[in-house]
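> Okay, predicted coordinates and the sequence, questions at the end:
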Amino acid sequence: MNCLIADDHWIVRKGMISIMENHFSDLHFDQAGRISEIFSTLEKKSCHLLLLDFFYTDGALKKSILKLNQFLMMPK
């Protein structure tokens with residue numbers, strides 16, 4: 001299963017991966033530090049689990065939620 005951890009703080013992403021790797025050996029992790037990286041990652045591969053930080057310093061994610069929802073619902 002693919003898991004995308006999206007947070008603008010690298011230490012949070014690394015910590016989440018470290019914790020989850022110990023409990024879920026079947027997950028493959030990708031990371032996104034910017035809103036644009038979320039979309040570029042999702043264009044390349046499917047995501048079974050998205051852990052999403054709602055407050056990004058590089059832009060308003062709230063404005064991108066509708067686009068993200070539509071993107072995730074598109075068949076791959």
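Great, that's in hand.

> I'd like to know which elements the lengthiest helix in the chain is packed against.
For the chain, the helix with the greatest residue count under DSSP state H is helix 10-23. When contacts are defined as 3 or more C-beta pairs under 8 Å, 6 or more residues apart in numbering; DSSP states H and E, helix 10-23 sits against strand 2-6, strand 28-32. (Each C-beta comes from the backbone N, C-alpha and C, glycine too.)

> Looking at the ones you listed, which is nearest to I17?
I17 lies closest, by C-beta to C-beta, to one member of the helices and strands packed on helix 10-23: strand 28-32, at 5.0 Å.

> what angle do the helix or strand that contains L66 and strand 2-6 make?
Using DSSP states H and E, L66 maps to helix 65-73. Angle of helix 65-73 versus strand 2-6, following axes from the mean of the first three to the mean of the last three C-alpha atoms, to 10 degrees, is 170 degrees.

> in helix 65-73, what's buried?
Using 16 or more other C-beta atoms under 10 Å as the burial criterion, the residues of helix 65-73 that qualify are L68.

> That helix - what's its average pLDDT?
Helix 65-73 shows a mean pLDDT of 75 in the predicted model.

> same deal with stretch 20-34?
94.

> which residues are contacting it?
Contacts of stretch 20-34 from elsewhere in the structure, counted by C-beta atoms under 8 Å, 6 or more residues apart in numbering, are 1-8, 10, 13, 17, 37-38, 41, 45, 47, 49, 56, 58.

> End to end on that stretch, go ahead and measure it.
21 Å (C-alpha to C-alpha, to the nearest Å).

> circling back to that earlier point, would you mind saying which of the helices and strands packed on helix 10-23 lies nearest I65?
When the helices and strands packed on helix 10-23 are compared (using C-beta to C-beta), the closest one is strand 2-6, at 12.1 Å.
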